[in-house]
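Enquirer: predicted model, plus sequence, below.
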There are 2 protein chains.
Amino acid sequence: MDRLIIKRAEVQKMEQKKIRLGIIGIGNMGSEHCRNIAAGRCPEIEIAAGADLRESRRAWFRENMPESAEIYESGDELIRENRCDAVLVCVPHYGHESLSIAAMKNGKHVICEKPAAVTASAARRMCEVSDQTGKVLTFMFNQRTNSIYRGIHDLITSGEFGSIKRVNWIITDWYRTQRYYDSGSWRATWSGEGGGVLLNQCPHQLDLLIWLCGMPDSVNAVCHEGKWHDIEVEDDVSVYLEFPGGATGIFVASTGDLPGTNRLEIDCEMGKIVCEDGITRLWKLPKNERDICFTSDNPWFRIDPDAHVLRSDGMNPQHIGVLNAFAAHLLRGEPMTAEKEDGLREIMLSNAIHLSGWTGKPVRMPADENEFDSRLKEKSAGSRKKTGEDITYLTSHTGTGKQEI
Amino acid sequence: MDRLIIKRAEVQKMEQKKIRLGIIGIGNMGSEHCRNIAAGRCPEIEIAAGADLRESRRAWFRENMPESAEIYESGDELIRENRCDAVLVCVPHYGHESLSIAAMKNGKHVICEKPAAVTASAARRMCEVSDQTGKVLTFMFNQRTNSIYRGIHDLITSGEFGSIKRVNWIITDWYRTQRYYDSGSWRATWSGEGGGVLLNQCPHQLDLLIWLCGMPDSVNAVCHEGKWHDIEVEDDVSVYLEFPGGATGIFVASTGDLPGTNRLEIDCEMGKIVCEDGITRLWKLPKNERDICFTSDNPWFRIDPDAHVLRSDGMNPQHIGVLNAFAAHLLRGEPMTAEKEDGLREIMLSNAIHLSGWTGKPVRMPADENEFDSRLKEKSAGSRKKTGEDITYLTSHTGTGKQEI
């Protein structure tokens, strides 16, 4: 209830038509957000400011963003100024905590790129500052806006498919060449990024997994570090999951499979849901499998093998949808794409998988945050120093290519 | 080389047109084999004898099999008589070892239903007797005759797809109701069957996994016992596998998913092979992924997402194919569907998965056979006694139904 009151208080404050947004970090993601907003795709947001440590990126911002937008050399500077209602944090993961907390303490709402932070303890501190300051905190879980996952979420929450018995997610279509890892000195290091495929690529799927199936209560993982690339962090992960209700799961992720797979299967008491190649197929049982099992005279009960395709509204607004929902929340109290606790949960699961991989043992949730933090600190201390240029890429969803900034 | 000489010696012995086969156990599988052979589907095999402990089944045999075929009350009796060149062992798993060994020691070749035995140690003893006696021993791995798996095997062994990097097999389409488990007093007990889905349903897939991908060198498994049914053995298994060359794998099996899934994915250096719904799709890379990874300038290298469908000869002779190959081997030295060592390997892997599940720890291959045997003995000692009728079902590949014998 307190939470709702805070939201309503904010709504009253925001009697303006547009959210004045400051974007901290004009790299791959930050520049994509800049372009989307400048192109008018977020009608309730105006770019009030940007910040980047690098002059080449600031120059790009000056040239391509509205004249009214100020550009700063650091996020802290942007935060201290009063040009923005909210900030969008797009710096490497380790910077999420301090910038988000500084922003909230300076009266700004925050939307932060995923993962919420490198450690669950940091994400927890961010959530606490949001509670203390009453400032909104949310995270860029843009995959939740995909009609495919919204459709599955609606189906599961409707109860039509009953309880979940099993989830198998093979998410190996995150292929990256060595060139990718060499394109940033912070990338794929314990000290610079805090992890590999779990921290960079999988936050979306770990968040969706929790959103769709609930939080696992134990994980048993194998994390192979530098298996396919010359990197020190994990690029290949196999996880066995157990959920409170008895469901089990498999989660396989890699940046070394070409072509990879993105296949999500959710087995429920009332049937099966399989999402692959952008299509969600459904098999619906005439009655609950648990009843069939114990009442059927047929030892080999079968159903029609033909699937129905789950229709969707086809909308997939991605980052734009998350930003628009954030603005609508600040202006009118409408629901956001994700709550701050979703960001915390995602990194809790991610950390637990790492910890299980590092210790070679199953980890019960919640994982020991002190143990995780001290092990990560050890690993970071041994991180190798990477040299070479930091390259910003144009990361549209279909194409790739080096950005000339 | 010794092995080859033995085979040739056998070929010289068999200067007859047909193998005289004795079938021990006229239950579900035994009666299916009887019908196939009597219907002329195995032109080089004649049914010379049958054996079953139950009069109802012997009566069925007398009524439906050729008059020339003798029926015995026990397998040992059949083996002692000299009516047969070879025996087909179709009794519950625990009987495989003693009957196969007795048959070979009495000069008969043996084809035995899967699994080879309940324990790797027993399968090892069977193989040793085959070596000592020079009698052929093989196992009913009928899924190897499926054009789908033959096609994948040919593809992998051709080297066209390079080394295997990952295998994910979700094989959960073994749905069984409680009625199935209640239909036999030996079924799904430690003392009567020695296991659940691993022993009864999965020998095919474990054999195929080894045939296609090689023998794993470690397994880490979770085996849920009586999770979906009122049984004491495992009906839900999740396994993580590691192979000598560095490949990893996932194997998920269950008799509690409705509808289940049978999806085999093999990721290779030169592309991906996915078999689901009876179709094998291929994605072939222009060059080895390991080269692409370290030479491409593109951080997000992608290939055409369209797959090619692997053409097959469509032949799927199943049990009939295995029996015909067995006869052709005895008569002319042609290759069998599987060698005896394949049966040993399958149960070695199966036992290792059980042992990992029981101990909650990864197991390196080969698993400790003494430890497995003593743990199974303990479990068998605590087995519950099941009562109720033993029902024989007509198990065609498409239909189901209670057999009136």
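Expert: Received, thanks.

Enquirer: can stretch A:182-198 be found next to chain B?
Expert: Yes - under the criterion of C-beta under 8 Å from any C-beta of the partner chain, chain B is reached by stretch A:182-198 at A:Ser183. Heads up, the C-betas are built off the backbone N, CA and C, glycines and all.

Enquirer: show the low-confidence segments of the stretch 1-150 of chain A, by residue range.
Expert: Per-residue confidence for the stretch 1-150 of chain A (pLDDT under 70) gives these ranges: A:1-15.

Enquirer: and the residue of it closest to chain B?
Expert: Per C-beta to the nearest C-beta, A:Asn28 is where the stretch 1-150 of chain A lies closest to chain B, at 10.3 Å.

Enquirer: need phi/psi at that residue.
Expert: Phi and psi for A:Asn28, reported as degrees, to the nearest 10, are phi -50, psi -60.

Enquirer: give the contact list for A:Cys112.
Expert: A:Leu88, A:Val89, A:His96, A:Leu99, A:Ser100, A:Met126, A:Leu137, A:Thr138, A:Phe139, A:Met140, A:Gly343 (C-beta atoms under 8 Å, 6 or more residues apart in numbering or on different chains).

Enquirer: among the residues you listed, which one has the most neighbours?
Expert: A:Ser100 (33 neighbours; other C-beta atoms under 10 Å in any protein chain shown).

Enquirer: quick one: contacts for that one?
Expert: Here A:Ser100 is in contact with A:Val87, A:Val89, A:Val110, A:Cys112, A:Met126, A:Val129, A:Leu137 (criterion: C-beta under 8 Å, 6+ apart).

Enquirer: SS state for the closest residue to chain B within the stretch 201-350 of chain A?
Expert: Per C-beta to the nearest C-beta, A:Pro299 is where the stretch 201-350 of chain A lies closest to chain B, at 3.4 Å. In three-state terms, and counting by DSSP: H, G, I helix; E, B strand; the rest coil, A:Pro299 is coil.

Enquirer: and the nearest residue to it once chain neighbours are set aside, what does it touch?
Expert: Leaving aside its sequence neighbours, A:Pro299 sits nearest to B:Tyr180 (C-beta to C-beta, 6 or more residues apart in numbering or on different chains; 3.4 Å). With contacts taken as C-beta under 8 Å, 6+ apart, B:Tyr180 has the following neighbours: A:Pro299, A:Trp300, B:Arg187.

Enquirer: which element is B:Tyr180 on?
Expert: Taking DSSP states H and E as the definition, one finds B:Tyr180 inside helix B:178-182.

Enquirer: all strands for the stretch 151-300 of chain A, in order.
Expert: A:164-171, A:218-225, A:234-242, A:248-254, A:262-268, A:271-276, A:279-284 (DSSP state E, counting those that start in this stretch).

Enquirer: can you put these in TSV and add mean pLDDT and mean neighbour count?
Expert: Converted to TSV, these look like this (pLDDT from 0 to 100; neighbours: other C-beta atoms under 10 Å in any protein chain shown):
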stretch	mean pLDDT	mean neighbour count
strand A:164-171	98	24
strand A:218-225	98	21
strand A:234-242	98	25
strand A:248-254	98	25
strand A:262-268	98	23
strand A:271-276	98	22
strand A:279-284	98	18
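
Enquirer: in this structure A:Leu323 contacts A:Asn36, no?
Expert: Yes - look at A:Leu323 against A:Asn36 with C-beta atoms under 8 Å: they come within range, at 7.4 Å.

Enquirer: OK, contacts around A:Trp174?
Expert: Contact partners of A:Trp174, counting by C-beta under 8 Å, 6+ apart, are A:Val197, A:Gln201, A:Cys202, A:Ala253, A:Ser254, A:Thr255, A:Gly260.

Enquirer: quick one: it and B:Glu339, what's the gap?
Expert: For A:Trp174, the distance to B:Glu339 (C-beta to C-beta, to the nearest Å) stands at 40 Å.

Enquirer: do A:Gly194 as well
Expert: Distance, A:Gly194 to B:Glu339, by C-beta to C-beta: 50 Å.

Enquirer: need the residues of the stretch 101-250 of chain A near chain B, please.
Expert: Taking C-beta under 8 Å from any C-beta as the criterion, the stretch 101-250 of chain A approaches chain B at residues A:165-166, A:168, A:170, A:172, A:175-180, A:183, A:220, A:222, A:224, A:227-230, A:236, A:238, A:240, A:246, A:248, A:250.

Enquirer: ok, A:Asp85 - contacts?
Expert: With contacts defined as C-beta under 8 Å, 6+ apart, the neighbours of A:Asp85 are A:Met14, A:Gln16, A:Ile19, A:Arg20, A:Leu21, A:Ala48, A:Lys108, A:His109, A:Leu330.

Enquirer: burial count for A:Met315?
Expert: Neighbours of A:Met315 (other C-beta under 10 Å): 11.

Enquirer: which residues touch it?
Expert: With contacts defined as C-beta under 8 Å, 6+ apart, the neighbours of A:Met315 are A:Thr145, A:Ser147, A:Gly321.

Enquirer: what do you get if the cut-off is 7 Å, keeping everything else the same?
Expert: Counting by C-beta atoms under 7 Å, 6 or more residues apart in numbering or on different chains, A:Met315 makes contact with A:Ser147.

Enquirer: for A:His33, same thing?
Expert: Contact analysis of A:His33 by C-beta under 7 Å, 6+ apart lists A:Ile23, A:Leu88, A:Cys90, A:His319.

Enquirer: how about A:Glu46, secondary structure?
Expert: Reduced to three states with three-state DSSP, the structure at A:Glu46 is strand.

Enquirer: mind listing what's buried in stretch A:225-233?
Expert: Within stretch A:225-233, the residues scored as buried using 16 or more other C-beta atoms under 10 Å in any protein chain shown are A:Glu225, A:Lys227, A:Trp228, A:His229, A:Ile231, A:Glu232, A:Val233.

Enquirer: widest-spaced pair of the residues you listed?
Expert: For these, the maximum inter-member distance is 13.0 Å, found between A:Trp228 and A:Glu232 (C-beta to C-beta).

Enquirer: that older thread, okay, and the common contacts of A:Leu323 and A:Asn36?
Expert: Residues touching both A:Leu323 and A:Asn36 (C-beta under 7 Å, 6+ apart) are A:Cys42.

Enquirer: quick one: which of these two has more around it?
Expert: Shown here are A:Leu323 and A:Asn36; by other C-beta under 10 Å, A:Leu323 has more neighbours (26 against 19).

Enquirer: wait, the more buried one sits on A:Cys42?
Expert: Yes - the pair A:Leu323 and A:Cys42 qualifies as a contact (C-beta atoms under 7 Å) at a distance of 4.9 Å.

Enquirer: return every residue with contacts to both of those two.
Expert: Joint contacts of A:Leu323 and A:Cys42 (C-beta under 7 Å, 6+ apart) do not exist.

Enquirer: re earlier: so which of the strands of the stretch 151-300 of chain A is nearest A:Leu155?
Expert: If you check each of the strands of the stretch 151-300 of chain A against A:Leu155 by C-beta to C-beta, strand A:271-276 wins as the nearest, at 6.7 Å.

Enquirer: pairing partners for that closest one, with directions?
Expert: Strand A:271-276 sits in its sheet next to strand A:262-268 (antiparallel), strand A:279-284 (antiparallel), going by DSSP bridges.

Enquirer: neighbouring contacts of the shortest one?
Expert: For strand A:279-284, the external contacting residues (C-beta under 7 Å, 6+ apart) are A:148, A:151-152, A:270-274, A:303, A:307-310, B:259.

Enquirer: how far does it sit from the chain's center?
Expert: Between the centre of strand A:279-284 and the centre of its host chain there is 25 Å, according to C-alpha atoms, centre = their mean, to the nearest Å.

Enquirer: pick out the residue of the stretch 51-200 of chain A closest to chain B.
Expert: Here the stretch 51-200 of chain A gets closest to chain B at one residue, A:Tyr180, 3.4 Å apart by C-beta to the nearest C-beta.

Enquirer: so what's that residue scoring on pLDDT?
Expert: Residue-level confidence at A:Tyr180 comes out at 96, pLDDT.

Enquirer: next one: phi and psi at A:Cys382?
Expert: You called it Cys, but residue A:382 is Gly. The main-chain torsion angles of A:Gly382 are listed as degrees, to the nearest 10 and equal phi -90, psi 0.
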